[in-house]
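A.B. asks: have a look; sequence and predicted model below, questions after that.
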Amino acid sequence: MCRNDRRLCARGAFGVNDVIGENVARVGHVIKGEFLEGGAQLYGPDHARFATPELKLNDLVWNRAEPGPAFETPLAEIMDLLVEAGRWIEKDPDGLVADALEKASATSPLPRPVLERSFALLPQQFDRAQLEYQVQQELGGADILDGWREMPTPPSGRRHRVRAYPPRIVHIIAGNAPLAAALTIAWSALTKGVHLLKLPSNDLYTATMLLRAISAVGPGHPVARSFSAAYWRGGDADVESMLFRPQFFDKIAAWGGESTLRSAKNYIGPGFELVAFDPKTSISFIGREAFNSDTALEAVADRAATDATLIEQQACASSRFQFVEGTVEQVDRFCELLHRKMGQERTFCTAEGRPLARDLREEIEGLRGMDDFYRVWGDYKGSGVVVRSDEPVDFHPDGRVVNVVAVDALSDALQWVNLATQTVGVYPPERKAQLRDALACAGVQRVVDIGNAGGVERGLPHDGFYPLLRFMRWVNDEGGEW
């Protein structure tokens, strides 16, 4: 690919010869464990320009004829390293975490206080008990990663061994929350494979900081040399047509919106697979039991507000549509309480929020005055808006906007559930058993108690599949004797 490097490097948004001024942020890359500072290529609009290192495609791939650096590293050793990296992140001895937080504040869609709380949770993603639980639940233990597991004898009587062999993956990670980078790195390290992370434009610093932490506690360690992280403009065919090939990688693991996934799918073919963390919408089902008392209603509204404002409603698990069983008068009482609760400070949202985008303001403003069909609570300053209707609105609630739909029975809401529905929070919890099979049939991947949409557990399915299981390459050794 060397012949393409010069042409590629000259394709920065403003050209490589531009002078890097003080108003240009420097974004680093990590290349197989080594940190490189930005300066060669410029991207972004005038008010948010950033510079990255020269993009050398040869440096972003590993030779398939050779095992990756960590292919034969014992999983226990990898976990030891991740645990130490988590402690290093928590202590931040070199100030790298604080620096990444400061720089991320300029590009993240999240308010500074939410970003700070999210960064505070990063060390927990490298907790040993969670890592061990995930490997046990998804793969049945470390033995199938460290070697060949002899399988139970099938009806044929032949002997078989299976290994979860380390993969080669390009990760298009999401930038809506720092935890996406941490999860990707933790999951990927457990696979022992080689991994190229494409940095998102709205989170240019978290992934590289985490990889620098791994290198800090294990300089030159095989895991550190198994990762690279770099930025290029998403969908850049000159870059992606060269990298997204089966001679270099087995899979693309893509988080993001529809345009990201459609672009990735252009390169899928024999020997090159897509692991898609599709864009999802989450909802709530609230039964008439919420109206049994004022105390119950207040508690349910508070939990529903927690689910609605997860990471300022940027998380896939954030509830955007809430189906409430009751009369219009009862549902309006719930809406009023929900709106008040949405304006409260929470772990993953601020009290003030951010002003609502113009297109959403226009959509909602068009509903005001149509009292026979809609009712609206709230203004557009950022603390939240609730729209009550008798069927879901035809726009996508965002920026702390919730559409509450009044239904006679929760089963009536099943008609609006589909494969794009990720999480359904249910109240009361005992109603889940009545609804979960119908929800699963409609396409839902996760059913939780109301208020627990954000408590995603490691070692359980994510977006309808087990990530480690999908990441691995599964290889059989069939027949014969040891």
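C.D. replies: Arrived safely. As the structure is a computational prediction, the values presented were derived from the model and not from experiment.

A.B. asks: for the rest of this, base every contact and every neighbour count on C-alpha atoms.
C.D. replies: Noted.

A.B. asks: is residue 87 in contact with residue 121, as I believe?
C.D. replies: No. Using CA atoms under 8 Å as the test, residue 87 is too far from residue 121 to be in contact (11.7 Å).

A.B. asks: in the helix or strand that residue 338 is a member of, what's buried?
C.D. replies: When secondary structure is defined by DSSP states H and E, residue 338 falls within helix 328-342. Within helix 328-342, the residues that qualify as buried are 328, 330, 331, 332, 334, 335, 337, 338, 339, 340, 341, 342, counting by 16 or more other CA atoms under 10 Å.

A.B. asks: now the last one: how far from residue 280?
C.D. replies: Distance, residue 342 to residue 280, using CA to CA, to the nearest Å: 21 Å.

A.B. asks: could you do the second one as well?
C.D. replies: In this structure, residue 330 lies at 29 Å from residue 280, with CA to CA as the measure.

A.B. asks: counting neighbours, what do you get for residue 102?
C.D. replies: The number of residues packed around residue 102, counting by other CA atoms under 10 Å, is 15.

A.B. asks: what segments of the stretch 251-400 of the chain are strands?
C.D. replies: Assigned strands in the stretch 251-400 of the chain, in chain order: 251-255, 273-277, 281-286, 319-325, 375-377, 385-389 (criterion: DSSP state E, counting those that start in this stretch).

A.B. asks: residues contacting residue 30?
C.D. replies: 36, 208, 211, 212, 227, 228, 229, 230 (CA atoms under 8 Å, 6 or more residues apart in numbering).

A.B. asks: spatially nearest residue to residue 105 (excluding sequence neighbours)?
C.D. replies: Nearest residue to residue 105 in three dimensions, chain neighbours excluded: residue 112, at 5.9 Å (CA to CA, 6 or more residues apart in numbering).

A.B. asks: in the longest helix seen in the chain, which residues are buried?
C.D. replies: Taking DSSP state H as the assignment, the helix of the chain that covers the most residues is helix 75-91. Of the residues in helix 75-91, 75, 78-79, 81-90 count as buried by neighbour count, 16+ other CA under 10 Å.

A.B. asks: which one of these is nearest residue 131?
C.D. replies: When the buried residues of helix 75-91 are compared for distance to residue 131 (CA to CA), residue 79 comes out closest, at 7.3 Å.

A.B. asks: that closest one reaches residue 131, doesn't it?
C.D. replies: Yes. Contact criterion CA under 8 Å: residue 79 and residue 131 qualify, at 7.3 Å.

A.B. asks: what residues sit buried inside stretch 88-108?
C.D. replies: Across stretch 88-108, burial judged by 16+ other CA under 10 Å covers 88, 89, 90, 96, 97, 100, 101, 103, 104, 105, 108.

A.B. asks: same check on stretch 421-436?
C.D. replies: For stretch 421-436, the neighbour count (16+ other CA under 10 Å) marks 421, 422, 423, 424, 425, 426, 427, 428, 432, 435, 436 as buried.

A.B. asks: out of those, list just those in helices.
C.D. replies: When helices are assigned by DSSP H, the members of those inside them are 432, 435, 436.

A.B. asks: any chance of a markdown table for these, columns distance to residue 373 and pLDDT?
C.D. replies: Listed next are those as a markdown table, based on distance: CA to CA, whole Å; pLDDT from 0 to 100:
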| residue | distance to residue 373 | pLDDT |
| --- | --- | --- |
| 432 | 29 | 97 |
| 435 | 27 | 97 |
| 436 | 30 | 97 |
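
A.B. asks: going by distance to residue 249, which of the residues you listed wins?
C.D. replies: When these are compared for distance to residue 249 (CA to CA), residue 436 wins out at 37.5 Å.

A.B. asks: now do the contacts for that closest one.
C.D. replies: Residue 436 makes contact with residue 447 under the criterion CA under 8 Å, 6+ apart.

A.B. asks: swap in 10 Å and give it another go.
C.D. replies: With CA atoms under 10 Å, 6 or more residues apart in numbering as the criterion, the residues that contact residue 436 are 424, 426, 442, 444, 445, 446, 447, 448.

A.B. asks: worst-scoring helix or strand of the protein, pLDDT-wise?
C.D. replies: Between all helices and strands in the chain, the lowest mean by mean pLDDT, DSSP states H and E belongs to helix 2-9, at a mean of 39.

A.B. asks: residue 183: what's its closest spatial neighbour, skipping adjacent residues?
C.D. replies: The nearest residue in space to residue 183 (CA to CA, 6+ apart) is residue 125, at 6.6 Å.

A.B. asks: what is the neighbour count of the one you found?
C.D. replies: Counted by other CA under 10 Å, the residues lying close to residue 125 total 20.

A.B. asks: so it sits against residue 132, correct?
C.D. replies: No. Under the criterion of CA atoms under 10 Å, residue 125 lies out of contact with residue 132, with a separation of 11.9 Å.

A.B. asks: give me the common contacts of the two.
C.D. replies: When contacts are counted by CA under 10 Å, 6+ apart, the set common to residue 125 and residue 132 consists of residue 458.

A.B. asks: residue 177 reaches residue 107, doesn't it?
C.D. replies: No. Under the criterion of CA under 10 Å, residue 177 makes no contact with residue 107, lying 11.4 Å away.

A.B. asks: which neighbours do the two share?
C.D. replies: Taking CA under 10 Å, 6+ apart as the contact rule, the neighbours common to residue 177 and residue 107 are 202, 203.

A.B. asks: and the angle from the helix holding residue 338 to strand 319-325?
C.D. replies: 150 degrees (axes from the mean of the first three to the mean of the last three CA atoms, to 10 degrees).
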